Structures are given as C-alpha cells and as structure tokens.
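Q: following is a predicted model, sequence given first.
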Amino acid sequence: MSFFRTLEELSLNAWPATKITHYDGWVLRFSNGFTRRANSVNVLCPSRLAIPTKVDWCEDQYTFAELPTVFKIFPDELTQDLTEELDQRGYETEGEAHVMTLDLPDSYPSNLEITISPFLSEQWYSDAVGFNRVVPEHQVELRNIVERIQPICGFSTLYHGKDTVAVGLAVVERDWVGLFDIVVSPEHRRKGFGRQIVQGMMHWGKENGANHCYLQAFHENSAAIALYQSLGFESQYRYHYRSKPLHKRN
C-alpha cells in the first residue's frame with residue numbers, strides 16, 4: 001500500500017461514517033450529510049466493473065439517501081478513469097485539502113493548560129458543537145461519529161484560566177496520531193491558542209505510542225497551513241472532492 005493510501009485508511013478509521021457500503025473496491029460513506037469526509041465515495045482498490053456502471057450505482061445510492069453524490073479524489077492512477085467520467089458528467093471540484101505530516105519531537109512546552117480524555121464528555125461535545133457552529137440537524141451525527149471511533153482517541157480541551165479556548169480530537173493508530181477538528185473559540189483566535197492545542201495533542205500522541213503525526217488542512221485556510229508549517233509539518237499530497245447536486249426522484 002502506498003504511503004498516502006496508508007494515511008487515507010487511517011483517516012477513514014479516525015472519522016467513521018454512520019453507515020458504509022462496499023462496492024467493488026469502493027467505500028460509500030453515509031452520515032446524513034455531516035461533513036464530506038463521512039458522506040463520500042472513497043476509491044481503495046482497482047475496479048473490476050466498468051467505471052460508468054459504478055458511478056451510476058453510486059448516484060442511485062446517494063439519491064436514495066437524499067444526499068448529493070460526492071467522490072474523494074486521490075492523486076494516483078486508481079482515480080484517473082473515474083476523474084474523466086466525472087468530468088463528462090459535469091461534477092464540480094471542491095474542498096481541496098493538504099495532508100500534512102510530521103515526525104513527533106521528543107520535547108514539548110511544559111505550560112500547556114490542556115486536558116485530554118479518552119472518553120467523550122458532554123462539555124467537549126458542547127464546545128465542539130458551539131465552536132464549529134454545527135447546525136442542529138447535524139449535531140446528532142457529530143456524536144454518532146465520535147462515539148464510533150475504535151482506535152485510541154483523545155478528546156482535547158485547552159483552557160485559559162477558567163475559559164475553554166480550543167478543542168480538538170486526536171486518534172492514535174499504527175504508530176500515527178491524527179489530529180482532527182481543531183478549532184479555537186472565535187473570541188480567542190490569533191492569540192497562539194491554536195499552536196498550544198496542537199502541541200498538546202502531539203505530546204499526547206507521543207505518550208500513547210505514536211511517532212508520527214498527520215492532519216488535513218483545506219487549501220484556502222492559509223492561516224492554519226502556516227501554523228502547521230511553523231511547527232514542522234510538511235504537505236505530502238493533496239486531495240479534493242467531486243460533487244453532483246442531489247436530484248430528487250420523481
């Protein structure tokens with residue numbers, strides 16, 4: 001398995017969809033529309049069936065679920081024929097993201113006011129909903145996803161005095177720690193708290209057996225990318241999504 005496919009496999013485990021369907025080497029993920037990661041087709045293995053036939057079938061599945069059809073496109077030969085088919089069907093490109101990695105350092109700042117628990121708490125959930133501005137119809141799906149995580153996970157909260165200023169999710173599997181949904185409260189941004197929570201999550205990953213770290217950052221989020229680069233992260237590859245709006249059945 002190539003390096004980037006290992007990371008993609010880890011990220012699938014770290015952010016599990018509510019429902020999944022396997023189809024000729026493709027994985028269809030469904031979570032009632034909450035995040036593209038959990039509501040898209042992932043190409044994991046070479047196809048035996050014709051690509052147009054498979055795309056037709058995927059479109060039927062997402063239409064039945066009343067969701068737009070979304071494909072996650074990786075930078076390798078497995079998605080070349082799929083990309084050409086999606087071009088012909090008028091799929092739009094969106095959500096370009098960098099996957100960045102870092103070999104974990106051995107030392108970290110000692111003054112981090114961070115709490116990391118292996119268990120989901122109502123306070124972490126409430127803060128994550130509020131800071132990420134998760135709309136009411138998707139809040140149940142956020143809980144469903146994080147409660148389904150099987151690898152070791154750390155629900156991370158950074159404090160400044162008595163105030164919660166940032167939250168994030170760290171997941172350890174196979175010598176790697178993945179960092180997800182890192183968000184600083186709107187009133188505490190641009191004060192260095194993003195750097196602190198990332199460092200705290202990296203430290204926790206190291207203490208729980210990881211030697212490497214990965215995360216995903218949207219291309220347009222230049223501030224986050226600059227932060228991660230200043231910590232030593234390097235971009236390994238990019239992916240993007242191809243989407244087609246939902247067409248209601250007659």
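A: Thanks, I have it.
Q: could you use CA atoms for every contact and neighbour count after this?
A: Fine.
Q: buried residues in stretch 193-206?
A: By 16 or more other CA atoms under 10 Å, the buried positions in stretch 193-206 come out as 193-194, 196-206.
Q: domains in this structure, by residue range?
A: 3-98+239-244, 105-210 (automatic domain parsing).
Q: okay, R242: pLDDT?
A: Note on R242: pLDDT of 95.
Q: buried set for the one helix or strand it maps to?
A: Assessed by DSSP states H and E, R242 sits inside strand 234-244. Neighbour counts over strand 234-244 (16+ other CA under 10 Å) mark E234, S235, R238, Y239, H240, Y241, R242, S243, K244 as buried.
Q: which residues touch the last one?
A: Contacts for K244 (CA atoms under 8 Å, 6 or more residues apart in numbering) come out as P68, T69, V70, G90, Y91, E92.
Q: out of those, which are buried?
A: Neighbour-count burial (16+ other CA under 10 Å) is assigned, among those, to P68, T69, V70, Y91.
Q: show me the contacts for the closest residue to F180 other than its chain neighbours.
A: Counting by CA to CA, 6 or more residues apart in numbering, F180 lies nearest to L169, which is 5.0 Å off, once chain neighbours are set aside. By CA under 8 Å, 6+ apart, the residues touching L169 are C153, G154, F155, S156, L179, F180, D181, I182.
Q: now distance to R29 too, for the buried residues of strand 234-244, in TSV please.
A: Below are the buried residues of strand 234-244 laid out as TSV (distance: CA to CA, whole Å):
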residue	distance to R29
E234	28
S235	26
R238	20
Y239	17
H240	16
Y241	14
R242	15
S243	14
K244	16
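Q: determine which two of these are furthest apart.
A: Greatest spatial distance among those (CA to CA): E234 and K244, at 31.4 Å.
Q: which of the domains of the chain sits closest to A226?
A: That would be domain 105-210 among those, by CA to CA, at 10.7 Å.
Q: how far does the closest one sit from the chain's center?
A: 13 Å (CA atoms, centre = their mean, to the nearest Å).
Q: show me the shaky parts of the protein.
A: By pLDDT under 70, the low-scoring segments of the chain are 1-2, 110-111, 247-250.
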